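>>> Quick one, structure for this:
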Amino acid sequence: LIKEFQFNIMSNPKRMSKGMKQKMALVLALMHNPKLLILDEPTTGLDPLMQDEIRNKILDIKSQKKTIIMSSNLYDELDLLCDRVALISQGHIIAIADNNAIKNREEVDYKIEFINRDDYLHFKEENRFEIIRDQEKYSQVTVEIKKADISALFGLLKDIDIKFISQIPYTLETYFNKVLKEKEKKDE
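Reported below is the predicted structural model:
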């Protein structure tokens, strides 16, 4: 572990940088080969290369079927490392997400901008797809559709002049932002 994390054991802890203290804490936490590992923002204060090393080490520990509980504010890190993620707001768990379910959801979101305003209005009037965001100013919509309906969407759009269409990735951050907005509406 000392070699893996490039940790200098001769360093005085009082004079260590935040990153070095983080490495020391990880060496101490991992040296006993624990079955349960609890990590609080394990990559904070580390340079990008060391962050990758720590993440790879966590993935290695995870592959050994050990339990890891970690806190992080980095959605990308949680997405990479965690199977399940709990969203905590004001000290309470308000949602638990299954990362696999988010990555493999049945719906896909597409953002479409129309060249012709009439095509934009006609598309909306068709009411065949759920519009989750409408930006009238730009003649732009974002639709959420079932994966099975992608052909129908592109069939409808094939004879329409569009400026662009792009798939919007649905991420852990997207999911939790949706949960927080719903909570906010409920609290009002």
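>>> going forward, measure contacts between C-alpha atoms and count neighbours the same way
Noted.
>>> in the protein, which spans are strands?
Counting by DSSP state E, the chain has strands at residues 36-40, 67-71, 84-89, 92-98, 107-114, 130-135, 140-146, 162-168.
>>> and of these, who's closest to His122?
strand 107-114 (10.5 Å; Cα to Cα).
>>> what comes up buried for the closest one?
Buried residues in strand 107-114, defined by neighbour count with 16 or more other Cα atoms under 10 Å: Val108, Asp109, Tyr110, Lys111, Ile112, Glu113, Phe114.
>>> Stretch 14-22 too?
Buried-residue list, stretch 14-22, by 16+ other Cα under 10 Å: Gly19, Met20, Lys21, Gln22.
>>> Just send the residues you listed back as TSV, with distance to Ser63 too.
Output for the buried residues of stretch 14-22, formatted as TSV (distance: Cα to Cα, whole Å):
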residue	distance to Ser63
Gly19	25
Met20	26
Lys21	26
Gln22	22
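>>> Residue ranges in the chain under the pLDDT threshold?
Scanning the chain for pLDDT under 70 picks out no residues.
>>> who's in contact with Glu77?
Neighbouring residues of Glu77 by Cα atoms under 8 Å, 6 or more residues apart in numbering: Arg55.
>>> so how far is Glu106 from it?
Glu77 is 24 Å from Glu106, where distance means Cα to Cα, to the nearest Å.
>>> Which members of the buried residues of stretch 14-22 occur in helices, if any?
Within these, residues falling in helices by DSSP state H are Gly19, Met20, Lys21, Gln22.
>>> Just the closest of the residues you listed to Leu39, please.
The closest of those to Leu39 turns out to be Gln22 (Cα to Cα; 10.6 Å).
>>> Make TSV out of the strands of the chain and add distance to Phe7.
Shown next, in TSV, are those (distance: least, Cα to Cα, whole Å):
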stretch	distance to Phe7
strand 36-40	18
strand 67-71	22
strand 84-89	30
strand 92-98	35
strand 107-114	45
strand 130-135	49
strand 140-146	48
strand 162-168	41
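>>> Indicate which one of those strands is closest to Leu28.
Using Cα to Cα, the nearest of those to Leu28 is strand 36-40, at 11.2 Å.
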